[in-house]
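Enquirer: With the sequence up front, the predicted model follows.
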Amino acid sequence: MSHLRQNIIRAGLETLYFSGAHLAMQPFVRGVGVILTLHHVRPHRRDAFQPNRLLEITPEFFAKLIRRLRRSGLDLISLDEMHRRMSARDFRKRFACISFDDGYRDVKQWAYPVLRDHEVPFALYIATSFADQIGELWWVALERVIAGQKRIGLVIDGEEIRFDCASPAEKREAFEQIYWWLRRRETEDEVRAAVRDLCARYGVDMKSICEELCMTWDEIAELAKDPLVTIGAHTVNHVMLKKTRESVARTELEMSRSVIEAAIGVRPQHLSYPVGDPTSVGEREVRLAGELGYKTAVTTFPGVLFAEHSQHLLELPRISINGDYQHMRYVRVLLSGSATAVWNRFRRVKAA
């Protein structure tokens, strides 16, 4: 995320909080519930270059978040209970669901003890190639390529482009340019091929990244024994489904569930679309999820849940707990629904 965009978002959150607008708006925009998105929970890294920092929060902030949720009066519920309430239109009490994407080991180490101690249900959406320890966390690989070099080259549109990346500022600029160029590629295959080429050139082993960061099946199975834990599907290869052929998208959605069932004896009923934004999720993906029998599916479209979402259970919005904004005042604004209401121009449902 560019520094300009970060500053704009931060200014908006600050304005809503210090003006008190979030409290004035809350009765009209808070909705019936909220699903929170998290990825990493781990101690702060001191590296000057951390372009993926938005995906991680510290254990201390996570503990504050859970205590805040417990004090807020929200019902902290599982995805199955959320599905029941939405389907039955049982909105007597506002609720929150906690969800983690990808299946990182630090969730088990740092987040799970807090959730267990506070008896908070939560969901783990598992990309099965990550649990198999063969997945490609290409955004992390890109960070590590740039972190380890003073200058890199990449073939872009048939031309070799050189990026200076000696200083942290140059590294951040190089990452932004390359990352968003990759995200604009028409197919997932183009993204993977470009990052594999970079890793081969500069000696970064993507498999070792997966082994380092992601839980194994044994670790996932251990967590899955706890009734607080819901295991959901997150495809096999963490692909941007909209950038794949329909046959590939269907296989990713179907096989991930089958692999999880074979590995730990749990058949997921809930899905998280990888990346989850409009470039990754559309009408086709929602249709496929329905045809395959998923009860719910979550996006990264920003928003709280309204009663109207009971008709859109396969394209539910979430609120991201972003590592760049680790302040409880921002959490208060986000939980109020005011920030996402403004972002969505006060549209309650954003359908694919």
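Expert: Alright, I've got the coordinates.
Enquirer: hang on, I9 packs against Y325?
Expert: Yes: if you go by Cβ atoms under 8 Å, I9 and Y325 touch, sitting 7.4 Å apart. The way it works is simple: take the backbone N, C-alpha and C, and place the C-beta from them, glycine included.
Enquirer: what about the residue nearest to A63 when sequence neighbours are not counted, distance to N322?
Expert: For A63, ignoring the flanking residues on the chain, the nearest one in space by Cβ to Cβ, 6 or more residues apart in numbering is V114 at 5.2 Å. The spacing between V114 and N322, counted by Cβ to Cβ, to the nearest Å, is 19 Å.
Enquirer: what does R192 give?
Expert: 26 Å.
Enquirer: which one of the two has more residues nearby?
Expert: N322 (20 against 17; other Cβ atoms under 10 Å).
Enquirer: so who does the more buried one touch?
Expert: L54 (Cβ atoms under 8 Å, 6 or more residues apart in numbering).
Enquirer: Would you mind giving me the confidence score for it?
Expert: N322 carries a pLDDT value of 93.
Enquirer: so where's the longest helix in the protein?
Expert: Secondary structure of the chain per DSSP state H: the longest helix is helix 246-264.
Enquirer: So for that one, what gets flagged as buried?
Expert: Residues V248, A249, R250, E252, L253, E254, S256, R257, V259, I260, A263, I264 are the ones in helix 246-264 that count as buried (16 or more other Cβ atoms under 10 Å).
Enquirer: Redo those residues as JSON lines? Include pLDDT and distance to R144.
Expert: Output for the buried residues of helix 246-264, formatted as JSON lines (pLDDT from 0 to 100; distance: Cβ to Cβ, whole Å):
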{"residue": "V248", "pLDDT": "98", "distance to R144": "27"}
{"residue": "A249", "pLDDT": "98", "distance to R144": "29"}
{"residue": "R250", "pLDDT": "98", "distance to R144": "32"}
{"residue": "E252", "pLDDT": "98", "distance to R144": "25"}
{"residue": "L253", "pLDDT": "98", "distance to R144": "29"}
{"residue": "E254", "pLDDT": "98", "distance to R144": "32"}
{"residue": "S256", "pLDDT": "98", "distance to R144": "26"}
{"residue": "R257", "pLDDT": "97", "distance to R144": "31"}
{"residue": "V259", "pLDDT": "98", "distance to R144": "27"}
{"residue": "I260", "pLDDT": "98", "distance to R144": "28"}
{"residue": "A263", "pLDDT": "98", "distance to R144": "28"}
{"residue": "I264", "pLDDT": "98", "distance to R144": "30"}
